[in-house]
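In: quick check, what structure comes out for this input:
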Amino acid sequence: MSYAEDLGHGPTITAHVESNFSNHYYYYYDLDDIYVLTGDIDKYSIPAIFSFGIPANLVAAMVFFTKTFRQASFGVNLVGKSLSDTVFLVCTLIVWLEHVNIHLLHNPGVCQMVVYLTYISAFTSVWFVVALALENLIRIRYPFRVGTLCQARKACIMVIIMLILACCLYFPTLWFNRVDDIQGLNLCQRSLDMTLISLVYTYVDSLVTLIIPCGLIVVFLVMTIDTVWSSKARSLRMFRDLRVSFSVIMQQQVTRMLSAVSITFIILTFPSHMTRLVLLVMVWNYDTADITPRQYLTQHIFQLLYYLSFAINLLTYIVFCPKVRYTLRQYAKRFCSFPSSEKGLELMSNSVILTDHISSGSSDNFRGKPVRMMLEVRIKSLSSSANSTHEVGVTSREGTSE
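Out: Now for the predicted structure:
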């Protein structure tokens with residue numbers, strides 16, 4: 001079995017990297033028809049995921065890199081997640097090209113880099129979700145510490161450390177695969193002399209990208225839900241207070257989106273992770289994993305859901321965050337040559353920063369001032385600026401006509 005079949009379209013025990021055991025530990029029976037069926041499903045479903053996911057992730061990265069979001073720590077993490085997901089989908093796309101007889105994967109260098117980047121992007125993507133779940137917990141459970149704990153500068157440092165750690169951790173995987181000449185054809189496949197160490201890395205990868213991060217996400221989500229439920233009455237009282245209503249609304253928009261990101265990730269990846277764990281345990285105990293046709297088909301469907309988790313994040317942001325919808329509308333107006341609202345984007349940016357300052361209680365300038373009054377002053381300032389610009393334009397046109 002070739003590496004391309006093993007990575008994306010053959011019997012796999014991992015959702016994001018190639019099966020490490022297919023040539024040595026797995027035995028299949030009566031899978032010919034199912035294999036043809038899943039190949040046909042892949043031929044049409046995976047390109048649809050790529051066609052939507054890659055542009056959507058790039059758009060999401062562009063949105064969260066605007067001033068509106070990049071000054072908040074969750075914006076930095078979401079930019080990193082969008083780029084990691086894009087790299088993962090591109091690597092999977094290179095494997096899928098086998099379906100259309102484009103054998104890019106089987107070139108020396110490409111073979112090794114696809115494996116390496118797939119490991120790194122899957123690792124960073126899941127840990128970005130962990131970071132977002134933790135930040136969401138802090139925003140809900142410790143709202144007055146948001147300004148000190150959830151800073152964009154600290155988020156940038158965390159992203160750099162995560163990338164360095166991932167690059168170092170998975171650096172040996174560059175030697176796990178090689179391109180061999182088999183009957184005149186180049187094939188990217190597992191190096192036989194690296195079988196043992198690749199087996200060890202499979203369990204290490206399962207630990208750091210499956211068991212630990214998914215466990216942390218679930219724990220953070222449970223703690224977040226418990227905090228929300230216990231403080232429900234207090235939140236209702238805060239909503240009745242007009243002086244802090246704007247701050248509460250802005251905080252809820254952010255926390256709702258971060259909660260949706262974590263829950264969506266768990267729903268789409270949990271089935272694939274459970275299948276992977278079951279197969280790993282079977283190999284550990286019995287040195288083999290017999291798979292029935294029904295199990296293989298189910299596993300393949302779960303794998304497609306896993307791929308989908310890297311592609312639909314933009315939809316989650318749009319549905320659960322009005323600021324994302326607002327920013328996308330401004331970009332649409334700008335690209336369609338409609339009058340843009342840069343002042344509006346600036347106001348949205350100030351609202352995010354203002355919310356964090358109010359939550360942290362670290363700024364004396366914000367203490368004791370009704371948020372609605374501050375917002376009205378800001379709107380009046382922007383309106384005055386816009387009116388002045390309009391008057392200057394009218395005067396200029398009148399002078400030209402005279």
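In: next, the buried residues of stretch 298-318.
Out: 299-304, 306-314, 316-318 (16 or more other C-beta atoms under 10 Å). The way it works is simple: take the backbone N, C-alpha and C, and place the C-beta from them, glycine included.
In: and stretch 156-164, by the same measure?
Out: When burial is assessed from 16+ other C-beta under 10 Å, stretch 156-164 yields the following buried residues: Cys156, Met158, Val159, Met162.
In: with respect to Ala60, which of those is nearest?
Out: Val159 (15.6 Å; C-beta to C-beta).
In: that closest one against Gly80, yeah?
Out: Yes. Val159 is in contact with Gly80 according to C-beta atoms under 8 Å; the separation is 4.9 Å.
In: for Lys154, give its distance to Val76.
Out: Distance, Lys154 to Val76, using C-beta to C-beta, to the nearest Å: 9 Å.
In: who has more neighbours, the two?
Out: Under the criterion of other C-beta atoms under 10 Å, the comparison of Lys154 against Val76 puts Val76 first, with 26 against 13.
In: so the more buried one sits against Val159, correct?
Out: Yes. Using C-beta under 8 Å, Val76 is in contact with Val159, at 6.4 Å.
In: so Ser82 sits against Pro55, correct?
Out: No. In this structure, Ser82 is not within contact of Pro55 by C-beta under 8 Å, at 11.2 Å.
In: residues in contact with stretch 156-170?
Out: Val76, Asn77, Gly80, Tyr116, Tyr119, Ile120, Phe123, Thr124, Trp127, Phe128, Ala131, Val208 (C-beta atoms under 8 Å, 6 or more residues apart in numbering).
In: top of those by neighbour count?
Out: Most surrounded of the contacts of stretch 156-170: other C-beta under 10 Å gives Asn77, at 28 neighbours.
In: so it sits in a helix?
Out: Yes. If the criterion is DSSP: H, G, I helix; E, B strand; the rest coil, then Asn77 is within a helix.
In: tell me which residues touch it, please.
Out: The neighbours of Asn77, taking C-beta under 8 Å, 6+ apart as the test, are Phe128, Ala131, Leu132, Glu135, Ala155, Met158, Val159.
In: in JSON lines: these, plus distance to Cys167 and pLDDT.
Out: Conversion of the contacts of Asn77 to JSON lines gives the following (distance: C-beta to C-beta, whole Å; pLDDT from 0 to 100):
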{"residue": "Phe128", "distance to Cys167": "16", "pLDDT": "96"}
{"residue": "Ala131", "distance to Cys167": "18", "pLDDT": "95"}
{"residue": "Leu132", "distance to Cys167": "22", "pLDDT": "95"}
{"residue": "Glu135", "distance to Cys167": "24", "pLDDT": "93"}
{"residue": "Ala155", "distance to Cys167": "19", "pLDDT": "93"}
{"residue": "Met158", "distance to Cys167": "15", "pLDDT": "94"}
{"residue": "Val159", "distance to Cys167": "13", "pLDDT": "94"}
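In: adding secondary structure and distance to Leu185, write those residues out as a markdown table.
Out: Formatted as a markdown table, the entries for the contacts of Asn77 read as follows, by DSSP: H, G, I helix; E, B strand; the rest coil; distance: C-beta to C-beta, whole Å:
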| residue | secondary structure | distance to Leu185 |
| --- | --- | --- |
| Phe128 | helix | 38 |
| Ala131 | helix | 43 |
| Leu132 | helix | 44 |
| Glu135 | helix | 49 |
| Ala155 | helix | 46 |
| Met158 | helix | 44 |
| Val159 | helix | 41 |
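In: so what's Thr92 up against?
Out: Going by C-beta under 8 Å, 6+ apart, the list of residues near Thr92 reads Gly8, Ile46, Phe50, Thr118, Tyr307.
In: for Leu221, same thing?
Out: When the contact criterion is C-beta under 8 Å, 6+ apart, the partners of Leu221 are Ala133, Ser259, Ser262, Ile263, Ile266.
In: now with 7 Å, please.
Out: With contact taken as C-beta atoms under 7 Å, 6 or more residues apart in numbering, Leu221 is in contact with Ala133, Ser262, Ile263.
In: what does Ser73 give?
Out: Under the contact definition (C-beta under 7 Å, 6+ apart), the residues listed for Ser73 are Glu135, Cys150, Gln151, Ala152, Lys154, Ala155.
In: measure it to Thr148 for me?
Out: Computed as C-beta to C-beta, the Ser73 to Thr148 distance reads 11 Å.
In: which stretches of this structure form strands?
Out: When assigned using DSSP state E, the strands of the chain occupy the ranges 177-182, 185-190.
In: for the closest residue to Cys214 other than its chain neighbours, report the pLDDT, please.
Out: Distances taken as C-beta to C-beta, 6 or more residues apart in numbering put His273 closest to Cys214, at 6.3 Å, once the chain neighbours are dropped. Confidence per residue is given as pLDDT, and for His273 that number is 83.
In: which stretches of the chain have low pLDDT?
Out: Judged by pLDDT under 70, the chain has its weakly predicted residues at 1-32, 231-250, 283-291, 337-402.
In: which one's the longest helix in it?
Out: In the chain, with assignment by DSSP state H, the single longest helix is helix 245-286.
In: other SSEs contacting that helix?
Out: Using 3 or more C-beta pairs under 7 Å, 6 or more residues apart in numbering; DSSP states H and E as the contact test, the elements touching helix 245-286 are helix 110-141, helix 195-206, helix 212-230, helix 232-240, helix 293-308, helix 313-320, helix 342-360, helix 371-401.
In: thank you kindly, that will do.
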